[in-house]
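Q: with the sequence up front, the predicted model follows.
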Amino acid sequence: MSLPLVVLLPFLGAIAAPLFAQGGRTAIAIASSVPALIALAALFPHWQTLADGGVVLHSFEWLPALGISLSFRLDGLSLLFALLILIIGLLIILYARYYLKAKENVGKFYALLLCFKGSMLGIVLSSNLLLMMIFWELTSLTSFLLISFWTHKQDARRGARMALAVTGGGGLALLAGILLIGNIVGSFELDDVLAAGDLIKAHSLYPVALTLVLLGAFTKSAQFPFHFWLPHAMQAPTPVSAYLHSATMVKAGVFLMARLYPALAGTEQWFYMVSFTGMATLLLGAYTAMFKHDLKGLLAHSTVSHLGLITLLFGMGTKLAAVAAVFHVINHATFKASLFMAAGIIDHETGTRDMRRINGLWRYMPHTATLAMVAASSMAGVPLLNGFLSKEMFFAESLELNLPGLLAWLPPVIATLAGIFAVAYSARFIHDVFFNGKPVDLPIYPPHEPPRYMKIPVEILAFACIMVGIFPAVSVGPLLYAAASATLGGDVPEYHLTIAHGFNLPLLMSFVAFFGGLLMYSQRQRFFDFHARFKEIDEKAVFEAVVSRVVAKAQALTAWIENGSLQRYALWLVISVVAVSFVPLANLGIFVGENGLSPVDWPTGLAAAVLGICALATAAFHRDRFYALILLSVVGLVVALAFARFSAPDLAMTQLSVEVVTIVLLMLALYYMPSWTPIETTTPRRVRDVVIALIAGGGMTLVTLAMLTQPFTSISDFFLANSKPGGGGTNVVNVILVDFRGFDTLGEITVLAIAALGIYAMLKNTALTPPPGDGQGHAWSRDGHPLMLKLIARPMLPLALMVSVYIFLRGHNLPGGGFIAGLITSVALILQYIASGMIWTQDRVRFKYHNVIGLGLLFAVIAGAGSLAFNYPFLTSTFGYITWPVVGKFEVASAMIFDLGVYLTVIGATLLALVSIGRLSPHSAIKSKKEGA
Amino acid sequence: MNHWLTAPILIPLLGGILQVFMGYAPISLRRTIAIATTVLLLVSTIVLLVLASDDGYRLYAFGNWQPPFGIVLVLDRLAALMLILTAILALFCHLFAIGGADEGNRQFHALFLFQLMGLNIAFLTGDLFNLFVAFEVLLIASYGLLMHGGGTARTVPGLHYVVLNLIGSAVFLISVGMIYSVTGTLNMADLAVKIPRIQGESLNLVKAGGMMLLVVFALKAALIPLCFWLPKAYAKATAPVAALFAVMTKVGIYAILRVYLLVFGDDAGELANLGMDWLFPLALITLTMGVIGALGADNLKTLVAWQVIISVGTLLAPIALGSEAGISAALFYLLSTTWTVAGLFLVAELVANQRGTAGDRIITAPKMRNRTFLSVLFLIGAVAAAGLPPLSGFFAKLLILKSTTPGPEMAWLWSVILIGSFFTVIAYSRAGSIVFWRTVEGHIEKPEPLGGNVSVAAGALVALSVIIVALAGPISDYTDATAAQLFNPDGYLQILEAPVVSEDK
Amino acid sequence: MSQLAEYTICFLLLLGGAFTLVGAIGLARLPDFFTRLHGPTKATTLGVGAIMLSSVIYFSSQGESIGISEILITVFLFMTAPVSANILAKAAMHIGVKTAENTEGQPWEQ
Amino acid sequence: MELLFALTIGVLTSSGVYLLLRARTFPVVVGLTLLSYAVNLFLFSTGRLATGGQPIIGSTASYSDPLPQALVLTAIVIGFAMTAFVVVLSLRNLADNDDDHVDGHQGEDNETQLTREKEVTGK
Amino acid sequence: MIDTVLYLTIGMVTLAALLNVYRLIKGPDAPDRVLALDTLYINAIALIILLGITLGTRMYLESALLIAVMGFVGTVALAKYLKRGSVIE
Amino acid sequence: MLDRLSFPQPWLSLILFLTWQLLSEGVSGGSVVMGIVLAWAIPQITHGFWPERPAFISPWRMPAYLLRVIKDIIVASFQVAKLILSPRQPRPVFVCYPLELEHPLAISILASTISLTPGTVSADISDDNKLLLVHALDAASDEEVIDAIRTRYEKPLLEMFQ
């Protein structure tokens, strides 16, 4: 249980820490230390197991489908990293207590720091690769927030985004790599993966997986060419830099290489990719560090260089090199953390980090200077300090590489060269800052020693540098052994942790590096001049520029494709339809099925000709809108006739009524619109549209022809057979509508209702100015309501109601029904509006159309729900025959109530829609008066 | 026959009717009743989820007519999942809406509830033509909702949306006609029985019909090249509406899953897996286009709108590959992305309210009053949307990546999804850092205070991504079982034999 | 069906068809809008009336039931045709369509 | 007859599609209406063409397929609702943009956005 | 005999309809077109009745009634638009 | 309350009742009951839409008038048909007809009659209901048209309405 706890504690702390923010910085710092202390205590009991080469595993099922389990693993390697994370974390918390100002958002800072710490612990303790992956990306996220802690600084925001982009992006590659490995091994559990090294390496996807994993590791560990994010992440508060860039964030990549060493290392690909990347990074970082005037910049580039060194060691593939790598991880963490903190102190006390201004601080802060010099010396690899030991091992290993031909010289030379640079920049750190004359124009003058406790973390770390440097075997020996053993899968080579191995080639290289470095530093001005000849690349600016370019390109591309042109979207839609159906239809060809063609009688042919001519004319003369409207009416009329001709009286009636209402609607709209459509498209585009239209039409023709001549059977026989006995009506279409497929009809009237409500809502606050006259320049007539029209409209309403009742009642047995009846009533009412005007009519309509709609829907639902009472499904209809005196026998069907609902909804919806448009007219001063609709 | 099946349809319908009558009732009363309706709906969907969890198919035959003759509702795991997804989403959107977005239009609640009704019909129906009707119900309601609220900016995108969908409806009808003209039936189960038996030239007709149907569904789902109506329409819509619309594209995806697994599934003979070879590359291009759009977005809502398109691509790619694991993964992702995107729409609205004239555009503006709260919400939403750990989006994408089998498809899918995620991260970090961090001096004259309802709604939707992670085990079990059920359509076909209440009606 | 009924039907049908056709010819041929207006209001209406009547007789003689709803249609047409003509004429006058050159008198300016 | 019917549907579709691709709202609405006529006729004809076979029990010897008729009826009503909505939407477009172009006023968006940007930054 | 006469009549009415379409397309003015449309409606009534007689069924009579009503309202609305612009005011 | 139970427009109710009998294909007990119900119910709903009460003074003269009109229609239809088919160009005339009728309904009936009877179409009624603009398809002179209308149609209508 203790391992998950170790990971979980910091997160809990992150939740709790802000609660202490009220208590001041000390309180929150103490509160934030608690998780680490508990965690250390929790890890302690496992030490013996680990020292014996054992492994502690705590595993819980979580998402077996995903291959993710909550399994944690503590071995030497993870212990080493956990200790670094926890201990340096503790020191950072202490340090930050003094570094941060009281008015800053310390709650947020500590919460984020703890989250980050938890994520790091998660990475090193996870025994499931996917679980590790989760923590991996979490560190990217939390570090993003930490780096941008000072959100008001543009550099901080940019640096943070760059770090997130690079490390997060690398994380995605890593994810792919891990998934591949999981795919190869069949498990994401570390034990299985480590045990399956040979399987992985032999797999054909190994190179891909390796590349992807290394991409993750390299981005995180700031390896060339992904190193650029790290220096810019220095915009973070110094405790963050110290933490992220010494012991944690950047070490995650290194940790990953160590962790997967048994599974992935030992192949040519591994060797070339890792070692050459390492070499390049090593040299580049060291070289660049030399020329940084920013104190933290120097340290950052030196970090890059040292990470390159560690990477190179892992890349070499020898077991001793791996040991050296692990060793250097420890050493680098200690000296780099203390250097960062020292730099932070200097920054804190002088107000600047520019080494050209900070000079001669020895006089002002000798204590800090001493500590920094110890750490810097360690960084330079001065004997008796820990840096020296691992560097010696590194030099030795660089000589062991068996590269072919002249390349064999490369590693030692590069190692030495990097050593020279390292000494030079370390010397610069010491000499330039603490000696070299007097301070120049410091923002805070005179600087003095920081608060006592702020130095404690530095002291501890400097002390560690010395202790490890002098008594390596005693101080870190067991830990290193455990870690190396875990890295190498238990197969630890012979090595000796002593200060001196006697005079040998590595020592010579050290000497060369040391004196070369000093020489270089003494001649620094020449190098600076040389370096100044190259244009400095500001990676952040480049990154920003690249992002801006990408954004601009994306914007341009989006604007180009998503250009807001309906014509284009519609064209795409039509083309898509044509494209997907092209192949099957081409296969079909002009196909006449086995039923063959029936003869054409010439009246039908002529009617079809009328339809075709009018349809084409509508398209051809569409620019005269009124004309198009009339042509459209003809088309609608002939379509209705076609329905009648081919045995669908119900459809013919519906089509007719709907068509008239549509035409009225279109005219209502046309009133406000220009009566002519201008020519806006070029002739080629029109030709293109014509071609597309013809293809679409041709396709429809082919489909229809093929379909009509094919024999088929449908489920309709059931309807024909059951309409009368089961549905109680002889009009099968109507019985289908109100009974067999009554649910469709319910949906349909809902659509109608919604449309009307939507139209009403949409026009509520719309103001339209109608044109003063028609397109030909005639002013509108003043006579709105001709006498004859008014008079004929009067008897129309009762008669139409009568007809509606008739059509409604017979609907179940003969053509008709609620829908048509509703439209007749609506049209009669519309006639009243047309003949006598809005105000007159509205005064006489004694109900709100909204309520009619609601009532209609309600009737339909009630009719449907009635059957529920008898435990029949919704919309189950029933009917019976009743005999009354005088009246005789008549049929009562529950479907009639449903149809009544349809009737009412149609009336309400149609009129609400039309009246809403009509109300826009300036003549109808009805807006305030009696909101009938 | 279990009457619960009709509840997700009848509850919003009756609620909507009530709202129609109550057009002039006090707004507080209307709100209370509207929310009560949505809560009831949620309750009913929970019941259905429980019902569906036994892997059975439940049939509801309207009018007591034996399928394939009458219209049937069919409840299975997929339907139940979609229902509860929608109900939860709807509840929070509604909660957000009563924070003030519902003012200015007395019909808002009615339209909202009718929209839910349409969605629920679409998820439950087992009839192809009824699916068309359901689409129309939800579309017409969405048109109304889209145009809700003031402002002229939404008119043109609304018009585009409406016109394109009208064309889509026409194509839908044509394809239904083509399929009916050969098979003579509309019931999906019956179609699944009949389609494998088709021979000869009719095959081409059904094939063309099926492909056209796919175009329709792709239009609803916003697959490239039919997705360009979406960003502007969603970005301009009122926030709760845009958030609710997060589920609209999923209806298209649902329809693809339902129809193309059942009717044109592996057993469909010559028409097996119809169109899936088109779907896969298009899905990847859609994803890419979504990422490009997100990168180029100049305001938060547009960014989120493109995220909708990204999720469509991400969803359809594994669906097109047609593995059981892939579909399970897609369903998991569907759950996650719908809520997250909706939450982000709401957050964007809250942000816009606090930035005065800058609105939600990605530019420098005075500091927001509730910056911390909003930035945390945005961060959670963005992390979930971009698919970074530890939120649901990551697990969903992980499932999708894992579901593929090695081969060229895998290479394509992985690289597009991962590279897409990378650029999405860049887009979100850029937008977030500018909107939340890059502030100018000064303050908005009258920043709108952050209401309780709206904060809860936005927060809850975003927080769902955390809850999904916590419940990832049960949820992925459920989606696994759903995918398994989808791949075994025999059960679905059994509904044709299911007895109606009694024969002596 | 009685012989008489059959002849009557045939006569009415032919009459109706002829009038309809004549009305259409008038519409196509006459020189201006106002003269064309005469065609449909009379000839066509009468034509349809005749056809309607033949339908009544036809179905009555078939013995199904007395089909009288045709009469409703006819009455309706006769009631509405003048109104249509009236408002169309008003519209034409409003727009100021050209009259035939030999027309006496002027339409009103409204 | 079948060929005639098919050709008619084809002509309707072509005219409709052509009008759909126009740049003004009114022709687009007209195009949609034409297209819906074509679709309705098509859907209707999926039950095959029959003369005098109205599906009224007892009125004739053989009946045409009633189901497509019911479907078309539903489709007509829905189509009407949709047409009404899109007509009103185009009115709204006209009111909001003072133009009946389907894309509103082109180019204006950018301008207003620029001015607004200036307002916000204030400097 | 009736069949022949019917056929002839249908022919005449259809021919009339074609002539009306000719006038509708030719115009020249909007009122002419509306008039032609109105006449077409009446022709349609005739056609429907004739169809009914041909098929020997009365199922289509109500369609004719509806054409009469709808044709009238349509014509009125179109004419009013020409004169007055707003149909419902 | 009693008012609501009455027949507000008895003539209309009668017409409706008869229409229903026409529509329902044969008089039966059911159709009579339904007819009465509708004849009562529909005017209840619509009477607001017909505010002017038709002032028939002597309705019994109506059938005779109708018969005359129908006769005229048939006779004159042939004349128009001849005119249309003859190659001779017609001589159209616009005639201003001074009305003696005052009741709007009567004017309307007259105008309808004029339109229905061949050769003439009533094109407009002046705003003050004093003048009727008649378009004659083929007429020798104004007076001929005016006289024909006056004697054949307006006189009987005057008798009916005054």
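A: Arrived safely, thanks for sending.

Q: could you say which helix or strand contains the spatially most central residue of chain E?
A: Taking CA atoms, centre = their mean, the centroid of chain E lies closest to E:Tyr41, which sits 1.6 Å from it. Here E:Tyr41 is covered by helix E:30-55, with elements defined by DSSP states H and E.

Q: what's the answer for A:Leu656, then?
A: helix A:649-670.

Q: wait, what's in contact with the spatially closest residue to F:Leu16 that is not a sequence neighbour?
A: Excluding its sequence neighbours, the residue lying closest to F:Leu16 (CB to CB, 6 or more residues apart in numbering or on different chains) is F:Ala39, at 4.5 Å. Bear in mind the C-beta positions are built from the backbone N, C-alpha and C, glycine included. Residues counted as contacts of F:Ala39 (CB atoms under 8 Å, 6 or more residues apart in numbering or on different chains) are F:7, F:13-14, F:16-17, F:20.

Q: repeat that for 6 Å
A: F:13, F:16-17 (CB atoms under 6 Å, 6 or more residues apart in numbering or on different chains).

Q: coming back round to it: what angle separates the helix holding E:Tyr41 from helix A:649-670?
A: Calculated by axes from the mean of the first three to the mean of the last three CA atoms, to 10 degrees, helix E:30-55 forms an angle of 170 degrees with helix A:649-670.

Q: the next helix-or-strand element following helix E:30-55 vs helix E:30-55, what angle?
A: Note on helix E:30-55: by DSSP H and E, the next helix or strand toward the C-terminus is helix E:61-84. Angle, helix E:61-84 to helix E:30-55, by the same axes, to 10 degrees: 180 degrees.

Q: quickly check: helix E:61-84 near chain A or not.
A: Yes: using CB under 6 Å from any CB of the partner chain, helix E:61-84 reaches chain A at E:62-63, E:66-67, E:70, E:73-74, E:76-77, E:80-81, E:83-84.

Q: A:Gln555: which of the residues you listed is nearest?
A: If you rank the residues of helix E:61-84 next to chain A by distance to A:Gln555 using CB to CB, E:Tyr81 comes first, at 45.8 Å.

Q: give me the neighbour count for the residue lying closest to the closest one once chain neighbours are set aside.
A: Computed as CB to CB, 6+ apart, the closest residue to E:Tyr81 that is not its neighbour in sequence is A:Met667, at 4.7 Å. Using other CB atoms under 10 Å in any protein chain shown, A:Met667 is surrounded by 23 other residues.

Q: with the one 10 residues further on instead?
A: By other CB under 10 Å, the residues close to A:Thr677 number 20.

Q: quick one, phi psi at it?
A: The phi and psi torsions at A:Thr677 (degrees, to the nearest 10) take the values phi -100, psi 120.

Q: that one contacts D:Arg22, doesn't it?
A: No: taking CB atoms under 6 Å as the definition, A:Thr677 is not a contact partner of D:Arg22, at 7.0 Å.

Q: list the contacts of the residue nearest to the centre of chain E.
A: E:67, E:71.

Q: one more: the one 5 residues further on?
A: With contacts taken as CB under 6 Å, 6+ apart, E:Ala46 has the following neighbours: C:20, C:48, C:51, E:13.

Q: closest one of the residues you listed to B:Leu78?
A: Nearest to B:Leu78 among the contacts of E:Ala46: E:Val13, at 56.3 Å, using CB to CB.

Q: regarding that closest one, what is its secondary structure?
A: Following DSSP: H, G, I helix; E, B strand; the rest coil, E:Val13 is assigned to helix.

Q: relative to chain C, how far out is it?
A: The gap separating E:Val13 from chain C is 5 Å, by CB to the nearest CB, to the nearest Å.

Q: if we look at the helix or strand that contains A:Leu175, which residues are touching it?
A: Assessed by DSSP H and E, A:Leu175 sits inside helix A:169-185. With contact meaning CB under 6 Å, 6+ apart, helix A:169-185 is reached by A:67, A:129, A:133, A:136-137, A:140, A:188, A:192-193, A:196, A:200, A:203, A:205, A:209, A:212-213, A:215-216, A:219-220, B:401, B:414, B:418, B:421-422.

Q: and if we set it to 7 Å?
A: Here helix A:169-185 makes contact (CB atoms under 7 Å, 6 or more residues apart in numbering or on different chains) with A:67, A:129-130, A:133, A:136-137, A:140, A:188, A:192-193, A:196, A:199-200, A:203, A:205, A:208-209, A:212-213, A:215-216, A:218-220, A:226, B:401-402, B:406, B:414, B:418, B:421-422.

Q: check the secondary structure at A:Ala342 for me.
A: Three-state assignment for A:Ala342 (three-state DSSP): helix.

Q: show me the contacts for it.
A: Neighbours of A:Ala342 in contact, by CB under 7 Å, 6+ apart: A:368, A:371-372, A:375, A:458.

Q: and A:Leu407, by the same measure?
A: Here A:Leu407 is in contact with no residue (CB under 7 Å, 6+ apart).

Q: which residues touch the residue in chain A positioned nearest to chain E?
A: Chain A approaches chain E most closely through A:Gly918 (3.2 Å), counting by CB to the nearest CB. The contact partners of A:Gly918, by CB under 7 Å, 6+ apart, come to A:668, A:833, A:838, A:924, E:88-89.

Q: that older thread, tell me which residues in the helix or strand just after the helix holding A:Leu656 are buried?
A: As assigned by DSSP H and E, the chain's next helix or strand after helix A:649-670 is helix A:683-708. If you call a residue buried by 16 or more other CB atoms under 10 Å in any protein chain shown, then helix A:683-708 has these buried ones: A:689, A:692-708.

Q: over to stretch A:540-558?
A: By neighbour count on 16+ other CB under 10 Å, the buried set for stretch A:540-558 is A:540, A:543-544, A:547, A:550-551, A:554-555, A:558.

Q: any residue of it touching chain B?
A: Yes: using CB under 7 Å from any CB of the partner chain, stretch A:540-558 reaches chain B at A:547, A:550-551, A:554-555, A:557-558.

Q: and the pLDDT for whatever residue of the stretch 551-700 of chain A ends up closest to chain F?
A: The minimum distance from the stretch 551-700 of chain A to chain F, using CB to the nearest CB, falls at A:Met653 (15.1 Å). Per-residue confidence (pLDDT) for A:Met653: 91.

Q: neighbours of it, how many?
A: 31.

Q: hang on, it packs against A:Gly822?
A: No: with contact defined as CB atoms under 7 Å, A:Met653 and A:Gly822 do not form a contacting pair (11.7 Å).

Q: what sits closest to A:Ser32 if chain neighbours are left out?
A: Using CB to CB, 6+ apart and skipping residues adjacent in sequence, the residue nearest A:Ser32 is A:Tyr110, 4.5 Å away.

Q: domains for the chain, by residue range?
A: As the question left the chain open, I've gone with chain A. For chain A, the structural domains run A:268-519, A:730-933, going by automatic domain parsing.

Q: not quite, I wanted chain F
A: Listed by automatic domain parsing, the domain ranges of chain F are F:2-49, F:59-161.

Q: alright, I will stop here.
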